[in-house]
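K.L.:
how would this look folded up:
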Amino acid sequence: MKKLLFVLAFAFIGQQAFSQMYIATLATSAGSPQSGCSDNVLVKIDPLGNITYDCISYPTFNYEIETAMAEINIGLNSIINQGYKLIKITDPGGASNDNTGGLITQSSNIIRGTVWYFAIP
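P.N.:
Residues are numbered from 1 along each chain as shown. This next block holds a predicted model:
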């Protein structure tokens, strides 16, 4: 009887752990027309599958990158404030000729396709 109880408890806990994933990605508004954004969009998918959109400015000059980064920061902090921890970041790699492997290229453009994975610890 104890073994059965242990197996059921472990299965329940394991199921709960896998259901607490939050995903965010940076995309173009053309790829997400339902967002209502004109440039970039931060797409956030919660564990229940609900999709929310945060409009992100597209920097046209080097000094405007701070505004876009601040908007991305606000969007990601809204996930972290719910108790999620960042567990992985994937980079599209080769998104542009001057890709440095991060979120911003050398020409101060934001790389679309970056994905952030969050989970409950």
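K.L.:
so R112 sits in a helix?
P.N.:
No. Assignment of R112 by DSSP: H, G, I helix; E, B strand; the rest coil gives coil, placing it outside any helix.
K.L.:
partner strands of the longest strand anywhere in the chain, with direction?
P.N.:
Under DSSP state E, the strand in the chain containing the largest number of residues is strand 21-28. Take DSSP bridges as the rule and strand 21-28 pairs in its sheet with strand 40-45 (antiparallel), strand 115-119 (antiparallel).
K.L.:
what's next to it, contact-wise?
P.N.:
39-47, 56, 72, 75-76, 79, 82, 84, 103, 110-119 (C-beta atoms under 8 Å, 6 or more residues apart in numbering). Glycine gets a C-beta too; all of them are placed from N, C-alpha and C.
K.L.:
repeat that for stretch 37-53.
P.N.:
Looking at what lies outside stretch 37-53 - C-beta under 8 Å, 6+ apart - the contacts are 19-29, 32, 34-36, 54-58, 68, 71-72, 75-76, 78-79, 110, 112.
K.L.:
show the buried residues in those residues.
P.N.:
Buried by 16 or more other C-beta atoms under 10 Å: 22-27, 29, 32, 35, 54-58, 68, 71-72, 75-76, 79, 110, 112, out of the contacts of stretch 37-53.
K.L.:
in PyMOL, how would I select just the buried ones from the contacts of strand 21-28?
P.N.:
Command for PyMOL that selects the buried part of the contacts of strand 21-28, burial taken from 16+ other C-beta under 10 Å:
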select buried, resi 40+41+42+43+44+46+56+72+75+76+79+84+103+110+111+112+114+116+117+118+119
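K.L.:
tell me the secondary structure at C55.
P.N.:
Here C55 is recorded as strand under three-state DSSP.
K.L.:
which ones are touching it?
P.N.:
Contacts of C55 by C-beta under 8 Å, 6+ apart are 29, 35-42, 71.
K.L.:
great, nothing more from me.
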